[in-house]
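Asks: no letters, just coordinates:
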């Protein structure tokens, strides 16, 4: 496990730093959890401790807007993937795999291994969905809330109460309790496609959100016009309740499956409702048209989603790699496109989580990552593996 950085107040000077939007090398002084100053290299001497970055590019740390800590098989021997060609089939397969995995290694231990991995890559904040169903009850909630306390010095974590197997009356009661225990957001799943009850599902989700004063983050895999109809219903509820900026829909494949007119109409509703869209650039599904949504005023953000679990054997947890995958899927090529791909896993995800922006300016939070790259475009396109990570101004060890 990575060690939580010490909280010493000693200033740390990062010498010979490359910055994405500036020519030359700089010295960046970190202290008290923030960036203290940025000056041309070799002109700053007040720091009592120095670390030579040797021209590495200094960037904001990554933010995973959608991950499943409780699903990963990390730490277990390789498990052959069990196929399932629908969301319902995948849910059924996962429930069988979940029980076996729990016997081999406790979920909390595997989740801790995943946090350790992604923090090493430079992800220092994340939003994780926690399964709640009639089989496992609130066991995952209790374990992950405890884990969040244990790793608070390493990463910032938000949790979503996620009804993975459907939103039954019993699951509603457990989600209500989970929110009282400290889970941050209300989740949902394919109101029409899984529960076959669009109105009832959304009634429950938004009633819980209102009761607890929490945000909403709904998984939506339903395709085509069904999916865009559901998106419009979510957006209208968000607008009616004044929840703009506090509602997200994850995946929203439907947006990449409809014609331009339907896309524009749906995007307009999403913008009015202040609903953000998460995409992980999936390999086997339609991807929302990122630039068209942003041009329509819809915030788009990203996350790794599944990392070596019952849903997919793929996934490394490296968000810089994920930015490259999304760029590839979206047909990004220009430097501006690659910068947008980077924003999806940094600036946009931080905004969705309500975190202060990291701006590489004095006063900014000092959650940072340094990579060997000439500029931001090269960093995204080449995804250099070697990273130096700084949490609140102190290096991870």
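Replies: Thanks, I have the structure now. All of these numbers come straight from a predicted model, not from anything done at the bench.
Asks: burial measure for residue 259, as a count.
Replies: Residue 259 has 8 neighbours, counted by other CB atoms under 10 Å. C-beta coordinates here come from the backbone N, C-alpha and C atoms, glycine included.
Asks: against residue 208, how distant is it?
Replies: Note on residue 259: its distance to residue 208, by CB to CB, to the nearest Å, is 34 Å.
Asks: where does this protein dip in pLDDT?
Replies: 1, 3-4, 6-9, 43-48 (pLDDT under 70).
Asks: isn't residue 266 up against residue 257?
Replies: No - using CB atoms under 8 Å, residue 266 makes no contact with residue 257, being 11.1 Å away.
Asks: who's more crowded, those two?
Replies: Neighbours of residue 266 and residue 257, each counted by other CB under 10 Å, are more numerous for residue 266; the result is 26 against 19.
Asks: quick one: that one from residue 33, how far?
Replies: Taking CB to CB, one finds residue 266 at 40 Å from residue 33.
Asks: what values do phi and psi take at residue 380?
Replies: Here is the backbone geometry of residue 380 (degrees, to the nearest 10): phi -70, psi -40.
Asks: what about it, neighbour count?
Replies: Neighbouring residues of residue 380 were enumerated by other CB under 10 Å; the total is 24.
Asks: so how many other residues sit close to the closest residue in space to it that isn't next to it in sequence?
Replies: Nearest residue to residue 380 in three dimensions, chain neighbours excluded: residue 338, at 4.4 Å (CB to CB, 6 or more residues apart in numbering). Residues near residue 338, counting by other CB under 10 Å, number 21.
Asks: residue 386 now?
Replies: Neighbours of residue 386 (other CB under 10 Å): 8.
Asks: how near is the closest residue to it other than its chain neighbours to residue 223?
Replies: Using CB to CB, 6+ apart and skipping residues adjacent in sequence, the residue nearest residue 386 is residue 372, 5.9 Å away. Per CB to CB, residue 372 is found 41 Å from residue 223.
Asks: with residue 382 instead?
Replies: Distance, residue 382 to residue 223, by CB to CB: 34 Å.
Asks: repeat that for residue 366.
Replies: Counting by CB to CB - residue 366 and residue 223 are separated by 43 Å.
Asks: what about the two, which has more around it?
Replies: Between residue 366 and residue 223, residue 366 has the larger neighbour count (other CB under 10 Å), namely 25 against 16.
Asks: that one against residue 393, yeah?
Replies: Yes - using CB under 8 Å, residue 366 is in contact with residue 393, at 3.7 Å.
Asks: shared neighbours of these two, anything?
Replies: 30, 33-35 (CB atoms under 8 Å, 6 or more residues apart in numbering).
Asks: which one of these sits closest to residue 193?
Replies: Residue 193 has its nearest neighbour among the shared contacts of residue 366 and residue 393 in residue 33, at 43.8 Å by CB to CB.
Asks: mind listing what the closest one touches?
Replies: 365-366, 392-393 are the contacts of residue 33 under CB under 8 Å, 6+ apart.
Asks: turn the residues you listed into JSON lines, columns for secondary structure and distance to residue 355.
Replies: Output for these, formatted as JSON lines (DSSP: H, G, I helix; E, B strand; the rest coil; distance: CB to CB, whole Å):
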{"residue": "365", "secondary structure": "strand", "distance to residue 355": "8"}
{"residue": "366", "secondary structure": "coil", "distance to residue 355": "13"}
{"residue": "392", "secondary structure": "coil", "distance to residue 355": "13"}
{"residue": "393", "secondary structure": "coil", "distance to residue 355": "16"}
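Asks: show me which of these is closest to residue 139.
Replies: Of all these, residue 139 sits closest to residue 392, with 31.4 Å by CB to CB.
Asks: need the phi and psi values for that closest one.
Replies: When read as degrees, to the nearest 10, the backbone of residue 392 gives phi 50, psi 40.
Asks: how close does it get to residue 30?
Replies: On the measure of CB to CB, residue 392 and residue 30 end up 8 Å apart.
Asks: identify the contacts common to those two.
Replies: Joint contacts of residue 392 and residue 30 (CB under 8 Å, 6+ apart) are residue 366.
Asks: comparing the two, which residue is more hemmed in?
Replies: Neighbour totals were compared for residue 392 and residue 30, and residue 30 leads with 24 against 19 (other CB under 10 Å).
Asks: in a strand, that's where that one is, yeah?
Replies: Yes - counting by DSSP: H, G, I helix; E, B strand; the rest coil, residue 30 is located in a strand.
Asks: hey, what's the closest residue to residue 187 other than its chain neighbours bridged with?
Replies: Closest residue to residue 187 apart from its sequence neighbours, by CB to CB, 6+ apart: residue 162 at 3.9 Å. Beta-bridge partners of residue 162, counted by DSSP bridges, are residue 131.
Asks: renumber starting at 6 from here on
Replies: That works, and once the first residue is 6, the last one we named lands at residue 167.
Asks: what's the burial count for residue 167?
Replies: Residues lying near residue 167 (other CB under 10 Å) number 29.
Asks: quick one: it from residue 211, how far?
Replies: With the distance defined as CB to CB, residue 167 ends up 16 Å from residue 211.
Asks: where's residue 287, which helix or strand?
Replies: Assigned by DSSP states H and E, residue 287 belongs to no helix or strand.
Asks: scratch that, residue 269 is what I was asking about
Replies: Using DSSP H and E, residue 269 falls in helix 265-278.
Asks: list the contacts for residue 148?
Replies: Counting by CB under 8 Å, 6+ apart, residue 148 has contacts 75, 111-113, 116.
Asks: could you say which helix or strand holds it?
Replies: Here residue 148 is covered by helix 144-155, with elements defined by DSSP H and E.
Asks: I'd like the distance from that helix to the chain centre, please.
Replies: How far helix 144-155 lies from its chain's middle: 18 Å, per CA atoms, centre = their mean, to the nearest Å.
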